[in-house]
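In: Could you look at this predicted model? Sequence included:
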Amino acid sequence: MITILAGGSGSVKLVRGFASQRSDVNVVTNVGDNYWLYGMYVCPDIDTITYGLADLLDHDKGWGIKKDTFGFLRQMEIFGEETWFRIGDRDTATHLTRTNMLKNGKSLSDITKWMAEKFSIEIKIIPVTDTAVETRIITDKGDMHLQEFWVKHRGMDEVKGIEYQGVEKARPNPDAVNAIHDSNLIVIAPGNPLTSIGPMIALKGIRKELSKKKNKVVAVSPIIGNSPVSGPTGKYMEAAGIEVSVLGVAKMYADICSNIIIDTKDRAKAKEIEALNINVHESKIKMTNKQSEDALAASIIKQYYS
Ligand code: FO1
């Protein structure tokens, strides 16, 4: 069995690569960027993985459903609501259904499982916790939700720090802990290490299980050179005082992983990473099409799955 820790649009490509080759894959997803909007619970990372696996994802944007329409949002604008968070009409059906099910007492895990079945997805999608954990960005303008920082304010404010509100008391999802425990390969997808992977590994139970399985954990770098493959990774890492490079990422994961896949362009960093007791494997990590998604996943399986 293989378990992938995933969050955000960087991760979904690798998840698809694994899914096209095997069905014994679990995807543990981040919940830190979940956001309440118009009374609906939006779970971007769960939905990105779900839509990605259902071949519904809008790949140009990296989120939402392809060819979705925005009539609902236009109407909300007429009603005087803020519409900076662009949820499409079909996407809204997901959030509305999820919220109703939550109100009827279902857990986020059960709802995610039910939705995956509706989309005919075989792979297990497991929210890392059913307890609310919220990623807050501390900026020069104050403390705000990740979506407000990144989407509403377009990531323009100066970042002073990042907090995972609620993480201390949150209980990891037992299915996520068991998936890590039972897997022969655990992959940390190339997601933002602070806002996509960070909230998951900040959960004590998850961190503990990963460190127990450290020899089986392989991280894929989300950075090539000094440039994150996508999104605001660099900005968050700088604010946290972490070097924006694969070495900075390796240091963040040093106590939970013993293998990292770096881009061939980062060969010069290999020695410093190996000094952290992490084995380095070089590959072309930028996934630009289905072929490169499959190729990277296949090479990870070949190299590390036993
Ligand atoms: N990202 C944007 O940059 N702008 C949006 O309007 C936006 C809407 C949106 C709606 C649903 C959803 O699931 C994701 C959405 N995202 C949007 C992506 C999201 O902000 C982040 O990329 C993730 O939270 C990071 O993983």
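Out: Now that the structure is in, tell me what you want to look at.

In: what residues are up against the one residue in the stretch 201-306 of the chain that gets nearest to the ligand?
Out: Nearest to the ligand in the stretch 201-306 of the chain, going by Cβ to the nearest ligand atom, is Gly231, at a distance of 6.7 Å. Where C-beta positions appear, they are placed from N, C-alpha and C, glycine not excepted. With contacts defined as Cβ atoms under 8 Å, 6 or more residues apart in numbering, Gly231 is in contact with Gly8, Ser9, Gly10, Trp150, Asn192.

In: How about Ile87?
Out: Leu37, Val42, Gly64, Phe72, Leu73, His95.

In: Just the closest of these to Gln291, please.
Out: Distance to Gln291, by Cβ to Cβ, is smallest for Gly64 among the contacts of Ile87, at 23.8 Å.

In: if we can go back for a sec, any idea how far the residue of the stretch 201-306 of the chain closest to the ligand is from Lys286?
Out: 14 Å (Cβ to Cβ, to the nearest Å).

In: Test my guess that Val128 contacts Asn26.
Out: No - contact criterion Cβ atoms under 8 Å: Val128 and Asn26 do not qualify, at 11.3 Å.

In: Between those two, which is the more surrounded one?
Out: Val128 (31 against 21; other Cβ atoms under 10 Å).

In: What score does that one have for pLDDT?
Out: Reported pLDDT at Val128 in the predicted model: 98.

In: Name all residues that make contact with the closest residue to it other than its chain neighbours.
Out: Of all residues not flanking Val128 in the chain, Met200 sits nearest, at 4.5 Å (Cβ to Cβ, 6 or more residues apart in numbering). Contacts for Met200 (Cβ under 8 Å, 6+ apart) come out as Leu5, Gly7, Val28, Asn30, Gly32, Val128, Ile206.

In: Checking the fifth one next. Helix, strand or coil?
Out: Going by DSSP: H, G, I helix; E, B strand; the rest coil, the secondary structure assigned to Gly32 is coil.

In: Residues of this structure that sit close to the ligand?
Out: Residues of the chain lying close to the ligand (Cβ under 6 Å from any ligand atom) are 7-9, 33, 42, 44-45, 47, 63-64, 85-87, 91, 147, 150-151, 196.

In: I'd guessed Gly155 sits against Glu148; true?
Out: No - counting by Cβ under 8 Å, Gly155 stays clear of Glu148, with 10.6 Å between them.

In: Those two: which has the busier surroundings?
Out: Glu148 (19 against 15).

In: Contact partners for the nearest residue to that one once chain neighbours are set aside?
Out: Of all residues not flanking Glu148 in the chain, Ile137 sits nearest, at 8.0 Å (Cβ to Cβ, 6+ apart). Counting by Cβ under 8 Å, 6+ apart, Ile137 touches Asp143, Met144, His145, Leu146, Glu148, Phe149, Trp150, Asp157, Val159, Gly161, Ile162, Tyr236.

In: what's near enough to touch the second one?
Out: Each residue near Met144 by Cβ under 8 Å, 6+ apart is listed here: Arg136, Ile137, Lys152, His153.

In: Could you check how far the third one is from Leu194?
Out: Taking Cβ to Cβ as the measure, Lys152 falls 19 Å from Leu194.

In: Between those two, point out the one with more neighbours.
Out: The neighbour comparison of Lys152 against Leu194 (other Cβ under 10 Å) goes to Leu194, with 25 against 14.

In: so the more buried one sits in a strand?
Out: No - going by three-state DSSP, the assignment for Leu194 is coil, not a strand.

In: okay but it is in contact with Gly241, surely?
Out: No - contact criterion Cβ under 8 Å: Leu194 and Gly241 do not qualify, at 11.3 Å.

In: burial count for the residue lying closest to Asn34 once chain neighbours are set aside?
Out: In this structure, Asn34 finds its nearest non-sequential neighbour in Cys43, 4.7 Å apart by Cβ to Cβ, 6+ apart. As a burial measure, Cys43 scores 23 neighbours (other Cβ under 10 Å).

In: Pretty sure Lys152 sits against Phe85.
Out: Yes - contact criterion Cβ under 8 Å: Lys152 and Phe85 qualify, at 7.4 Å.

In: Tell me how this structure divides into domains.
Out: Domains of the chain are assigned by automatic domain parsing as 134-165, 174-304.

In: Those domains: which one's closest to Gln21?
Out: Between the domains of the chain, domain 174-304 lies closest to Gln21; by Cβ to Cβ that is 6.0 Å.
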